[in-house]
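# need a 3D model of the sequence below.
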Amino acid sequence: MSAKTTKQQEALTELLDLLTQNGKKQEAAELSALFAQFSAMETQYGKVLSELSAVREQLATLHDGGNRTAAMQETKQTQAHITQAKETLSHLKEDMTDRIRKTLAAVKQHGISALNKAADFLGIKKALAEMKGNVQDAIASTQGSIDRINAIGSELHALNEHAKNLGRALTGKERKELTQRNEDKGVLAAIAKPLKRHKATLEGMEKNIDRAMARVERLEQAAAKGREKEKPSIREEIKAAKKPEQAKKQTAPQKTQEVSL
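Predicted coordinates:
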């Protein structure tokens, strides 16, 4: 664990403890789950990027120039989209950690009421939406690579079938109908397999981002309720401050009447 990650974890733990101690267990659970999701996603991004590099090396060995080049380009685009999503996530974690530190400082200065702003993470949903867009683009690029590999496979399969029929014709044998290629067998299937796995992983990550956005929404709603609860007490303080003034106004006419008598 890096020094930066350790500091992020320390700040988060301190805030979670404060939330729990002050009757905000649900908010603490949501925030903890949100950061756990981010950590899992960060690991997944790194793993997919590493494996995509291996896929590009395999694609480079194919002989079909046009489709091979297109598949490699689409895989490169997938890597770019995932890299962007990973960077967005990293910036998001840093931003949230900074907000957590500010909340902790506010609690020390203004008291526990500052916790109601702990989940007021403006801009978080926007960053998550940007990340989701990058993941969706990566899914589309991955599917494009899979389609290109299948196109290469279909062309090679058709050429092989025609070659076999030509051999039969030359030997006086009856031609056979062309068969469909089995996309789950052969060298190309082995190259496409990790891409299909990556696509499924990315689709799962897209759902995780949706869940993260829902968590942020619930945290914001909880913070809004906390601020609403503060308002009556503020009104009561204003009301209490006005009472002495009203009492003075009521006693003033009585004194005037006594003097006139």
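# and Lys225, how many residues sit next to it?
10 (other Cβ atoms under 10 Å). Any C-beta I mention is one placed from the backbone N, CA and C, and that applies to glycine too.
# I misspoke; the intended subject was Ala189.
Count around Ala189 with other Cβ under 10 Å applied: 16.
# and for stretch 41-56, what's in contact with it?
With Cβ atoms under 8 Å, 6 or more residues apart in numbering as the contact definition, stretch 41-56 has outside contacts at 72, 75-76, 78-79, 82-83, 85-86, 89-90, 93, 145, 191, 194-195, 198, 201-202, 205, 208-209.
# narrow those to those in helices?
Residues of those located in helices (DSSP state H): 72, 75-76, 78-79, 82-83, 85-86, 89-90, 93, 145, 191, 194-195, 198, 201-202, 205, 208-209.
# for the buried ones among the contacts of stretch 41-56, write the corresponding ChimeraX selection.
Restricted to buried positions by 16 or more other Cβ atoms under 10 Å, the ChimeraX selection for those reads:
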select :72,75,78,79,82,85,86,89,93,145,191,194,195,198,201,202,205,208,209
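# pLDDT at the residue nearest to His91 when sequence neighbours are not counted, what is it?
Spatial nearest neighbour of His91, chain neighbours left out: Ala127 (7.3 Å); criterion: Cβ to Cβ, 6 or more residues apart in numbering. Looking at Ala127, its pLDDT is 87.
# and Ala127, how many neighbours does it have?
Using other Cβ under 10 Å, Ala127 has 18 neighbouring residues.
# for it, what are its contacts?
The contact partners of Ala127, taken as Cβ under 8 Å, 6+ apart, are Thr88, His91, Leu92, Asp95.
# ok, and the last one, which helix or strand is that part of?
When elements are assigned from DSSP states H and E, Asp95 belongs to helix 65-110.
# what of Val216?
Per DSSP H and E: helix 187-260 holds Val216.
# now do Ala33
helix 25-59.
# likewise Thr142?
Element membership of Thr142, judged by DSSP H and E, is helix 124-170.
# now Arg211. Nearest residue, chain neighbours left out?
Closest residue in space to Arg211, ignoring its immediate chain neighbours: Gln37 at 6.8 Å, by Cβ to Cβ, 6+ apart.
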